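Chemist: when you get a sec, could you give me coordinates for this:
(chains A and B)
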2 protein chains.
Amino acid sequence: MASPAPLLVIGGHEDRRDNMEVLRRFVELAGGPEASIAVLTAASSVPERVWDGYRQTFAALGAANCRHIHTPDRAAAEDGALAETVAAADGIFLTGGDQKRLLGSLGGTALERAIHQARAARGACLAGTSAGASAMSALMLAEGQAELRPEKGAISLGAGFALLQGVVIDQHFSERRRLARLLSVVAQNPQLLGIGIDEDTALLISPGESVEVLGEGAVTVLDGHAMSCNIADIGHRSTPEMLGVVLHLLPAGSRHDVDGAPAPLQPLMRVLAGGGSGRL
Amino acid sequence: MASPAPLLVIGGHEDRRDNMEVLRRFVELAGGPEASIAVLTAASSVPERVWDGYRQTFAALGAANCRHIHTPDRAAAEDGALAETVAAADGIFLTGGDQKRLLGSLGGTALERAIHQARAARGACLAGTSAGASAMSALMLAEGQAELRPEKGAISLGAGFALLQGVVIDQHFSERRRLARLLSVVAQNPQLLGIGIDEDTALLISPGESVEVLGEGAVTVLDGHAMSCNIADIGHRSTPEMLGVVLHLLPAGSRHDVDGAPAPLQPLMRVLAGGGSGRL
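Modeler: Below is the predicted model of the structure:
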């Protein structure tokens, strides 16, 4: 059994021209220049173009051993040879696109099982950006307009890859003004922590160890565990009253260890980084 | 001594064509059609135009006894007759514009004293919209870009009319995406509650009694009393880490009495509506 596999949850539009901090860290976590990296483009409607971009970026970062895992349909996602490649990878990268397309292609297939296998058996690092980030949780933010205010019925969840439990992830968070949308998630699902990740920003989760923010922006966390909310009593598309939502803002550079995290952050640390709880 | 005077804090762009819920309530609180209403346009660079608009609106609401308090300079704001008109008013309305212009014209003048006098001695209702809302607090949000993320040094406070203590008010809140700006205020001033009011929305504060939200949008409250924040240790224009900010969302229709308010809301109720603490 390898050491617990890190997850790199990226808010989209990660830098691919300058310092490339986020993707550079992914390559390091995968094991460096020799790492075998599988790039899954199933979220995208233009997978070849997306692959071509990442191939060049990873090459520029010294990682030449990259494979495009191309799955035009669910049959391809059951392909044994492709699944073996993923299961044997040191790093797995889920590109952006549409998380519903991604789960529609890979959900429940041999390829999805290969992702879990690579992590569990080999400690492979899994990174996902934009749609690939949203897809990491068990309950995934599938749809929802970014309204001005939270609204009942404004969002819908779907089944994700279940690499993270107890959270919902949103991306392009500050740039696309998605706070109200994430509040809508929490209003309807107070047992889930809402995690909003800015562009060119990543949440690095090292199970049992630490949580760290990389890149340029910030990660916003909404914790509704202790709130009171009247959502059961209001009409469709009405704005709920929400009292006592706890908000954390973690800018790039924030890093907290599971042991000794500040008190307000402990629920987040427990959910994200476990500490042997097996929730990851 | 009249009953404690209500404050109507309006987020700007209140409806003046259809139901006019917010301004209709102001006229009621001032005493109805017979009320003498003083309209202070000192925040505006086009005071005559602003007055003309409100004159028509209040007339449409049946309140014909309105006076324009026109103060082109500080000398005018020391005018005894104008101040007497304000001190004798049943309702006082502060229009929008620029809160720095408003305080620059009226701060510390006979007219400002007349506002306090009308409230204390006659229980006159004071309403302010947009800049007129921001100006109500003792420490007023004077300047600050609405950045994507909170930043150290992004906002500056100035002296307001001190009708409310312990809060900073922002307006056009959801529409102009001002959450990050209000978080900047709280990061630098954790002893102040941040209150963000949406357009066509008002917070009605009845001291010792209740707090109520009117109109179409919502009021967002940020409470940083218990947060941990590293703002002292970061550079100018850096984004602080903020852990444990408490957020409340109060949509139109929310109403809470000072006695019996839900626990998460009690700090807000104490600060806003006192209960005889004399903080208003």
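Chemist: for the rest of this, base every contact and every neighbour count on C-alpha atoms.
Modeler: Fine.
Chemist: in PDB, list the C-alpha atoms belonging to the one helix or strand in chain A whose mean pLDDT sits lowest.
Modeler: The helix or strand of chain A with the poorest confidence is helix A:266-273; it has a mean of 90 (mean pLDDT, DSSP states H and E). Below are the C-alpha coordinates for helix A:266-273, written out as PDB (Å, rounded to 0.1, in the frame of the first residue of the first chain):
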ATOM      1  CA  GLN A 266     -11.200  21.700  12.100                       C
ATOM      2  CA  PRO A 267     -14.400  20.500  10.500                       C
ATOM      3  CA  LEU A 268     -13.000  21.300   7.100                       C
ATOM      4  CA  MET A 269      -9.700  19.400   7.900                       C
ATOM      5  CA  ARG A 270     -11.600  16.400   9.200                       C
ATOM      6  CA  VAL A 271     -13.800  16.200   6.100                       C
ATOM      7  CA  LEU A 272     -11.000  16.900   3.600                       C
ATOM      8  CA  ALA A 273      -7.900  15.300   5.000                       C
END
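Chemist: how about the residues of the stretch 151-280 of chain A by chain B?
Modeler: Neighbours of chain B within the stretch 151-280 of chain A, by C-alpha under 8 Å from any C-alpha of the partner chain: A:174-175, A:177, A:217-218, A:227, A:239-251, A:254, A:264-265.
Chemist: next: the stretch 1-150 of chain A.
Modeler: For the stretch 1-150 of chain A, the residues in contact with chain B under the definition C-alpha under 8 Å from any C-alpha are A:L148, A:R149.
Chemist: please enumerate the strands of the stretch 1-150 of chain A.
Modeler: A:7-10, A:37-40, A:66-69, A:91-94, A:125-129, A:139-144 (DSSP state E, counting those that start in this stretch).
Chemist: would a markdown table of these with mean pLDDT and mean neighbour count be doable?
Modeler: Below are the strands of the stretch 1-150 of chain A laid out as a markdown table (pLDDT from 0 to 100; neighbours: other C-alpha atoms under 10 Å in any protein chain shown):
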| stretch | mean pLDDT | mean neighbour count |
| --- | --- | --- |
| strand A:7-10 | 98 | 30 |
| strand A:37-40 | 98 | 26 |
| strand A:66-69 | 98 | 21 |
| strand A:91-94 | 98 | 27 |
| strand A:125-129 | 98 | 27 |
| strand A:139-144 | 93 | 21 |
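Chemist: I'd like these laid out as TSV, including distance to B:I92.
Modeler: TSV is the format used below for the strands of the stretch 1-150 of chain A (distance: least, C-alpha to C-alpha, whole Å):
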stretch	distance to B:I92
strand A:7-10	51
strand A:37-40	63
strand A:66-69	68
strand A:91-94	59
strand A:125-129	53
strand A:139-144	42
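Chemist: what segments of the stretch 151-280 of chain A are strands?
Modeler: Under DSSP E, counting those that start in this stretch, the stretch 151-280 of chain A gives strands at A:155-159, A:167-170, A:193-197, A:201-206, A:210-215, A:218-223, A:228-229, A:242-251, A:255-257.
Chemist: state the distance from A:A261 to chain B.
Modeler: Between A:A261 and chain B the computed distance is 11 Å (C-alpha to the nearest C-alpha, to the nearest Å).
Chemist: spit out the contact partners of A:A252.
Modeler: By C-alpha atoms under 8 Å, 6 or more residues apart in numbering or on different chains, A:A252 lies in contact with A:T201, A:E212, A:V213, A:L214, A:G215, A:E216, A:G217, A:A218, A:V219.
Chemist: one more time with 7 Å, if that's ok
Modeler: Residues counted as contacts of A:A252 (C-alpha atoms under 7 Å, 6 or more residues apart in numbering or on different chains) are A:V213, A:L214, A:G215, A:E216, A:G217, A:A218.
Chemist: with A:G132 instead?
Modeler: A:L94, A:T95, A:G96, A:Q99.
Chemist: mind checking which of those land in helices?
Modeler: For these, the ones inside helices are A:Q99, with DSSP state H as the criterion.
Chemist: which of the contacts of A:G132 sits closest to chain B?
Modeler: Sorting these by how near they are to chain B, with C-alpha to the nearest C-alpha, puts A:G96 at the top with 22.0 Å.
Chemist: and that closest one, how many neighbours?
Modeler: Other residues within reach of A:G96, judged by other C-alpha atoms under 10 Å in any protein chain shown, total 27.
Chemist: list phi and psi for it.
Modeler: Backbone geometry at A:G96, expressed as degrees, to the nearest 10, gives phi -80, psi -180.
Chemist: in this structure it contacts A:S130, no?
Modeler: Yes. A:G96 sits in contact with A:S130 when judged by C-alpha atoms under 7 Å, with a separation of 4.9 Å.
Chemist: how far away is A:A76 from A:A261?
Modeler: Counting by C-alpha to C-alpha, to the nearest Å, the gap between A:A76 and A:A261 amounts to 43 Å.
Chemist: next: A:G217.
Modeler: When distances are taken as C-alpha to C-alpha, A:G217 and A:A261 turn out to be 21 Å apart.
Chemist: and if you look at A:V213?
Modeler: As it turns out, when the distance is counted by C-alpha to C-alpha, A:V213 lies 14 Å from A:A261.
Chemist: go on, A:L111?
Modeler: Counting by C-alpha to C-alpha, the gap from A:L111 to A:A261 is 36 Å.
Chemist: please consider this matter closed, and thank you.
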